[in-house]
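S.K.: I'd like to go over a predicted model; first the sequence, then the structure.
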Amino acid sequence: MTLIRTEISDKIAHVTLSRPDKMNAISLEMIDDIIAAAHALRGAEINCVLLSGEGRAFCAGIDLMAMSGLVGQDIDELIVKRTHGDANRFQEFSLAWRALEVPVIAALHGVCFGAGMQLALGADIRIAAPDTKLSVMEMKWGLVPDMGGMVLLPDLVRSDVLRRIIYTAEVLEAPDAMNAGLITEMADDPMVRAQELAKTIAEQSPSAMRAAKRLIATAETAERAEVLMAEAKEQAALIGKPDQMAAIARGMAKK
């Protein structure tokens, strides 16, 4: 059974969680499939990725039956050991999407819980239907966010709000999640809006878009001098090159 589908058209990679009978709950097999799907897009001739879930929900979180498969295993070997650079397999599940060189948009509907929430956090932009329910749910099961969430959440959510949603495992309605910073915007049909946004992104200069994603990542973590130098170097590498000249030509044609 194919649990993850990837289809590429018009420079947009459409990646779909395809376990609708389980509301796309994440099994151990799906973790590896999702990582593989992200890695397969490295260096691909695409300008944007659209991540979504088939059926009634984006993702209901981890499949509890999958957790039973961890019983008896060496937890240090499974979790503490680094398998993907500075991350483990479970962390790469979400961080692989943030590491892609092109923007990633997640279209959310139904529920987005636990592992699904952390997967969505790996996207650059999250668009949710107004009735979507979201939760950082690990505390409900006596756990902490451990799938890259603690790298991604502090960049989005104010510290006291972050503490509240982790400590309580509360379920947030989309408007509250947007106020908290977990989602970017709401749309009655998040897939339609995500496709519109992906099309706009895909039409931009591919080299400038990749440079912008690198530059944003640097700006979020580096000191002032490093950011300023990165800004200058990225710009110098773009000016006068074919992608930039094509962007100028498109802009002049529209005028």
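M.R.: Received it, and whenever you're ready, just let me know what you need. Quantities reported herein were computed from a predicted structural model and do not represent experimental measurements.
S.K.: ranges for the helices of the stretch 101-250 of the chain?
M.R.: Here the stretch 101-250 of the chain has its helices, by DSSP state H, counting those that start in this stretch, at 115-121, 149-152, 159-168, 174-180, 190-202, 206-221, 224-238, 242-254.
S.K.: got TSV for these, with mean pLDDT too?
M.R.: Listed next are those as TSV, based on pLDDT from 0 to 100:
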stretch	mean pLDDT
helix 115-121	97
helix 149-152	95
helix 159-168	97
helix 174-180	97
helix 190-202	98
helix 206-221	96
helix 224-238	97
helix 242-254	91
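S.K.: all strands for the stretch 1-150 of the chain, in order.
M.R.: 4-9, 12-17, 48-53, 104-108, 111-113, 125-128, 133-135 (DSSP state E, counting those that start in this stretch).
S.K.: could I get the ones you listed as CSV with mean pLDDT and mean neighbour count?
M.R.: Heads up, the C-betas are built off the backbone N, CA and C, glycines and all. Output for these, formatted as CSV (pLDDT from 0 to 100; neighbours: other Cβ atoms under 10 Å):
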stretch, mean pLDDT, mean neighbour count
strand 4-9, 96, 14
strand 12-17, 98, 22
strand 48-53, 98, 26
strand 104-108, 98, 28
strand 111-113, 98, 27
strand 125-128, 98, 26
strand 133-135, 98, 22
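S.K.: hang on, the earlier thing: winner for burial among the helices of the stretch 101-250 of the chain?
M.R.: Among these, the stretch with the highest mean neighbour count (mean count of other Cβ atoms under 10 Å) is helix 115-121, at a mean of 29.
S.K.: elements contacting that helix?
M.R.: strand 48-53, helix 89-98, strand 104-108, helix 149-152 (3 or more Cβ pairs under 8 Å, 6 or more residues apart in numbering; DSSP states H and E).
S.K.: hang on, the earlier thing: now tabulate the helices of the stretch 101-250 of the chain in JSON lines and tack on distance to Lys133.
M.R.: Shown next, in JSON lines, are the helices of the stretch 101-250 of the chain (distance: least, Cβ to Cβ, whole Å):
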{"stretch": "helix 115-121", "distance to Lys133": "10"}
{"stretch": "helix 149-152", "distance to Lys133": "17"}
{"stretch": "helix 159-168", "distance to Lys133": "13"}
{"stretch": "helix 174-180", "distance to Lys133": "8"}
{"stretch": "helix 190-202", "distance to Lys133": "14"}
{"stretch": "helix 206-221", "distance to Lys133": "28"}
{"stretch": "helix 224-238", "distance to Lys133": "37"}
{"stretch": "helix 242-254", "distance to Lys133": "40"}
